[in-house]
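K.L.:
let's see this in three dimensions:
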Amino acid sequence: MSDNPASDPRAHRRPVREFRTEDLAREAGIPVRTLRFYRERRLLPPPRREGRIAWYTEDHLARLRIIADLLERGHTLGGIAELLTAWEDGRDVAALLGLEGAIAAPWSEETPVPLALADLDAAYQGQVDQATLAEAEALGYVAVDGDTVSHISRRLLDASAALVAEGIPLAAVLEAAHGVRASADALADLFVELVNKQLLGGLEQRLSAGETAQLADRLARLRPIARTVVDVEFALAMDRRVHSELGSVLAHLGQRAAAEAADADPAGADPAAEREL
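P.N.:
Down below sits the predicted model:
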């Protein structure tokens with residue numbers, strides 16, 4: 001075995017996150033009693049026990065998200081239990097959980113930011129009012145609890161605050177966010193459709209444990225590829241748009257400069273008279 005950490009695939013894995021019962025329920029967006037009901041129905045693998053404390057992992061969170069998705073598709077809990085049992089029958093449970101994690105694990109790695117409402121207002125140059133706060137809540141960017149808020153993302157908070165600092169009103173930033181959200185949803189739909197059609201179409205067939213693990217690895221490898229495609233395409237789109245808008249921007253600046261020059265030197269002024277003065 002090599003002593004080089006780079007040769008060990010475990011060196012690149014993210015640290016394993018564990019959740020108490022209440023934390024897992026909150027992450028999954030379900031009541032604690034629902035989580036316990038799922039556990040009693042054996043829809044969830046047993047948690048790790050440490051005394052009287054039950055510890056869950058992201059594999060359990062992925063399973064809960066799959067259950068929620070199946071419920072939205074019209075499956076009953078009994079049907080979901082039968083589906084999961086049939087899927088697990090004769091298979092490596094670890095491989096199954098790995099596939100669940102690859103499919104349903106969150107793509108975002110954002111860190112929520114708790115801060116006082118006054119600090120949020122200061123970050124946005126004093127532009128936080130009832131209207132902008134309500135808009136940010138509707139977009140899911142912030143959750144308000146009295147005089148404190150929790151912003152969904154440190155990076156998004158910093159980026160939007162930087163836009164405001166550059167002179168773009170917060171209301172305009174939030175208005176643009178709706179378009180960004182719609183475009184991001186459309187990109188996600190395209191990618192999910194591609195993966196469903198090309199990779200997941202055969203999941204109804206019986207897969208061996210090895211095939212399940214290979215599919216999980218493939219899905220995990222697709223994540224950075226998808227992000228790269230979106231990043232490159234956005235940069236190329238900005239190049240195309242900036243080039244197409246460059247002429248009109250320069251013309252606008254030229255007209256503005258001419259107007260400012262005319263204001264500084266009003267029409268009809270006699271240069272000779274000014275020299276005599």
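
K.L.:
sec struct for the residue nearest to the spatial centre of the chain, please.
P.N.:
In the chain, the residue lying closest to the centroid (C-alpha atoms, centre = their mean) is Ser108, at 4.3 Å. Three-state call for Ser108 (DSSP: H, G, I helix; E, B strand; the rest coil): coil.

K.L.:
and it, what pLDDT?
P.N.:
Per-residue pLDDT puts Ser108 at 80.

K.L.:
now do the helices in the stretch 151-277 of the chain.
P.N.:
Using DSSP state H, counting those that start in this stretch, the helices found in the stretch 151-277 of the chain span residues 154-165, 170-198, 209-264, 271-276.

K.L.:
shaky segments in the stretch 101-250 of the chain?
P.N.:
By pLDDT under 70, the weakly predicted segments of the stretch 101-250 of the chain are 101-105, 202-212, 247, 249.

K.L.:
repeat that for 90
P.N.:
101-112, 145-147, 191-224, 238-250 (pLDDT under 90).

K.L.:
got phi/psi on Thr111?
P.N.:
phi -110, psi 120 (degrees, to the nearest 10).

K.L.:
repeat for Arg48
P.N.:
phi -80, psi 130.

K.L.:
and it, what does it touch?
P.N.:
Residues in contact with Arg48, defined by C-beta atoms under 8 Å, 6 or more residues apart in numbering, are Glu18, Ala54, Trp55, Tyr56, Thr57. Backbone N, C-alpha and C define where each C-beta goes, glycine included.

K.L.:
what sits closest to the first one if chain neighbours are left out?
P.N.:
If the residues on either side of it in the chain are set aside, Glu18 comes closest to Trp55, at 4.6 Å by C-beta to C-beta, 6 or more residues apart in numbering.

K.L.:
report the buried residues of the helix or strand hosting the one you found.
P.N.:
Element membership for Trp55, per DSSP states H and E: strand 53-57. Neighbour counts over strand 53-57 (16 or more other C-beta atoms under 10 Å) mark Ala54, Tyr56, Thr57 as buried.

K.L.:
swap in stretch 62-74?
P.N.:
Buried residues in stretch 62-74 (16+ other C-beta under 10 Å): Ala62, Arg63, Leu64, Arg65, Ile66, Ile67, Leu70.

K.L.:
where exactly do the strands run in the stretch 1-150 of the chain?
P.N.:
18-19, 48-50, 53-57, 113-116, 142-145, 148-151 (DSSP state E, counting those that start in this stretch).

K.L.:
paired strands for the fifth one, with orientation please.
P.N.:
This means strand 142-145. strand 148-151 (antiparallel) (DSSP bridges).
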